[in-house]
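Chemist: Need coordinates for the following:
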Amino acid sequence: MVYALIYLFLEVMITTAISSSIGGLLTFLEIILSATIGIFLLKGFKDSLASNIQGLTQGQLSQADFIKNNMAKAVGAMLLIVPGFFTDILGLLLQFGILTFMLTKLFSFKPPMQTNGFKVDPNINSTNNQYYTQSQFTHKTKGNTDEEDIIDVEIIEPNDSTKS
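Modeler: Numbers count the residues shown, from 1 in each chain. Purely as a prediction, here's the structure:
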């Protein structure tokens, strides 16, 4: 709620400042032009997305870069469609990657989360579709002060409902 109010305040202040200096007709033309450019960029987004998917599958592009590039271009195109000078400025910065670069320096992508205590065995037996999971627990017995590592292994065999 607070962010929405900050956005609205900035949008109104920037739009009134710029439109009062350039006039109503040029403000109207800028709104039409930026919306047209935004729609054009959004329609052309599918070609960019297809090339980025190809780069991702070939290993030329990391998942984080794929998400950053595609989300920035899509959100930037949508912001250009929305009327207002502040949204147009943000949309252009996202299209050219300037704002994306600054945001990724500020907020870095985290590596994929691992489950707590569970490790998935990379040696999945694909011949009979058995998946092995492994977890480690520390166990103390009453009479013994030594810690023992207990490895719990579970073999999950797919039934008819899970086969694809």
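
Chemist: Please work out how many residues are found near residue 47.
Modeler: 9 (other CB atoms under 10 Å). No exception for glycine: its C-beta is placed from N, CA and C like everyone else's.

Chemist: What average pLDDT does the host helix or strand of residue 73 get?
Modeler: Secondary structure from DSSP states H and E places residue 73 in helix 63-81. For helix 63-81, the per-residue pLDDT values average out at 86.

Chemist: helices or strands up against that helix?
Modeler: helix 24-43, helix 45-57, helix 85-95, helix 98-106 (3 or more CB pairs under 8 Å, 6 or more residues apart in numbering; DSSP states H and E).

Chemist: Buried residues in it, which are they?
Modeler: The neighbour-count check on helix 63-81 (16 or more other CB atoms under 10 Å) flags 68-70, 72-81 as buried.

Chemist: cool, and stretch 6-24?
Modeler: 10-11, 14-15, 18-19.

Chemist: and among the helices and strands packed on helix 63-81, the most buried is which?
Modeler: helix 85-95 (a mean of 20; mean count of other CB atoms under 10 Å).

Chemist: one step back: in CSV: the helices and strands packed on helix 63-81, plus mean pLDDT and distance to residue 63.
Modeler: Formatted as CSV, the helices and strands packed on helix 63-81 follow (pLDDT from 0 to 100; distance: least, CB to CB, whole Å):
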stretch, mean pLDDT, distance to residue 63
helix 24-43, 94, 23
helix 45-57, 85, 7
helix 85-95, 92, 19
helix 98-106, 76, 13
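
Chemist: Figure out which of those helices is closest to residue 151.
Modeler: Among the helices and strands packed on helix 63-81, the nearest to residue 151 by CB to CB is helix 45-57 (35.6 Å).

Chemist: helix, strand or coil for residue 152?
Modeler: strand (DSSP: H, G, I helix; E, B strand; the rest coil).

Chemist: Of the helices and strands packed on helix 63-81, which is nearest residue 3?
Modeler: Nearest of those (CB to CB): helix 85-95, 13.3 Å.

Chemist: Now do the same for residue 156: its pLDDT.
Modeler: For residue 156, pLDDT reads 74.

Chemist: Report the beta-bridge partners for it.
Modeler: Applying DSSP bridges to residue 156 gives these bridge partners: residue 131.

Chemist: burial of it, as a residue count?
Modeler: Neighbour number of residue 156 under other CB under 10 Å is 11.

Chemist: That one and residue 87, how far apart?
Modeler: 50 Å (CB to CB, to the nearest Å).

Chemist: same deal with residue 38?
Modeler: Residue 38 sits 10 Å away from residue 87 when distances are taken as CB to CB.
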